[in-house]
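In: Next comes the sequence, and after it the predicted model I'd like to discuss.
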Amino acid sequence: MDISQFKQNHKTAYLAESYERVAKEEAELLALMATDVSMKDLGAAELASFAEQKATLWKQMETIVNAGIAEEEYPNEIILEIRAGAGGDEAALFAEQLAHIYKNFALKKGWTFQVVDESQSSLGGYKEASFEISGKDVYKTLRFETGVHRIQRVPATEKSGRVHTSTAVVAILPIRKKFSFEINP
């Protein structure tokens, strides 16, 4: 068992020190029991107590580390921002279609989807829009959607049948419940 990983984590450093203290006391008791035969009966109960304390401390440290990873890396609430990019009104229509796609996906997954802010173009698309989505594994599922999305199509607004390229920017912003920062003196 490697305790150095717990000693380096500021959340588990105190528990790691307690674990080492109990392990040291256990080693001292074993050394005493090896030299003094009369201590074997008295020390057996104490050894069981040390083993139980070590197991409890180890489990607590693992729980803290694993819970911290799950909460910090994958929050269950995000802000989804969609902005029209290059392509004018056609890009705004594309941004609106993206928002509709994300809304339907969120509702299909059983997540809540709320409009935070929206700014529409003259044709009814989104210049920019923000949505709050919350539910199980939202950030874990959508974290790679951030970036520029591009579409090439003959839009309904085109009279001569030319293919247009439009872009929209999608940003996935996690909402973190816990803020932890450390100021090193």
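Out: Happy to help now that I have it.

In: Specify the local secondary structure of Glu81.
Out: strand (DSSP: H, G, I helix; E, B strand; the rest coil).

In: Run through this structure and note the low-pLDDT ranges.
Out: Along the chain, the parts satisfying pLDDT under 70 run over 1, 67-73, 178-180.

In: Output the longest strand belonging to it.
Out: The longest strand of the chain (DSSP state E) is strand 164-174.

In: just checking, next helix/strand downstream of the helix or strand harbouring Thr141?
Out: Assessed by DSSP states H and E, Thr141 sits inside helix 138-142. Moving toward the C-terminus from helix 138-142, the next helix or strand (DSSP H and E) is strand 147-153.

In: Using CSV, write out the CA atom coordinates for that next one.
Out: Extracted in CSV, the C-alpha atoms of strand 147-153 (Å, rounded to 0.1, in the frame of the first residue of the first chain):
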residue,chain,number,x,y,z
GLY,A,147,-15.7,24.3,-30.5
VAL,A,148,-16.7,25.5,-33.9
HIS,A,149,-19.5,23.6,-35.7
ARG,A,150,-19.7,24.0,-39.5
ILE,A,151,-22.4,23.2,-42.0
GLN,A,152,-22.4,23.3,-45.8
ARG,A,153,-25.8,23.3,-47.4
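
In: which residues touch that strand?
Out: Applying Cβ atoms under 8 Å, 6 or more residues apart in numbering, the external contacts of strand 147-153 come out as Gly85, Phe94, Leu98, Val163, His164, Thr165, Ser166, Thr167, Ala168, Val169, Val170. The C-beta positions use only the backbone N, C-alpha and C, and glycine is treated the same way.

In: Run a quick neighbour tally on the second one.
Out: Under the neighbour criterion other Cβ atoms under 10 Å, Phe94 is assigned a count of 26.

In: Can you give the distance of the host helix or strand of it from its chain's centre?
Out: In the assignment (DSSP H and E), Phe94 maps to helix 89-109. Chain-centre distance of helix 89-109: 24 Å, with Cα atoms, centre = their mean, to the nearest Å.

In: Check which residues of that helix are buried.
Out: For helix 89-109, the buried set under the neighbour-count rule, 16 or more other Cβ atoms under 10 Å, comprises 89-99, 102-103, 106.

In: Distance to Val116 for the residues you listed - can I get that in TSV?
Out: Shown next, in TSV, are those (distance: Cβ to Cβ, whole Å):
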residue	distance to Val116
Asp89	23
Glu90	24
Ala91	21
Ala92	18
Leu93	21
Phe94	20
Ala95	15
Glu96	16
Gln97	19
Leu98	16
Ala99	12
Tyr102	13
Lys103	13
Ala106	14
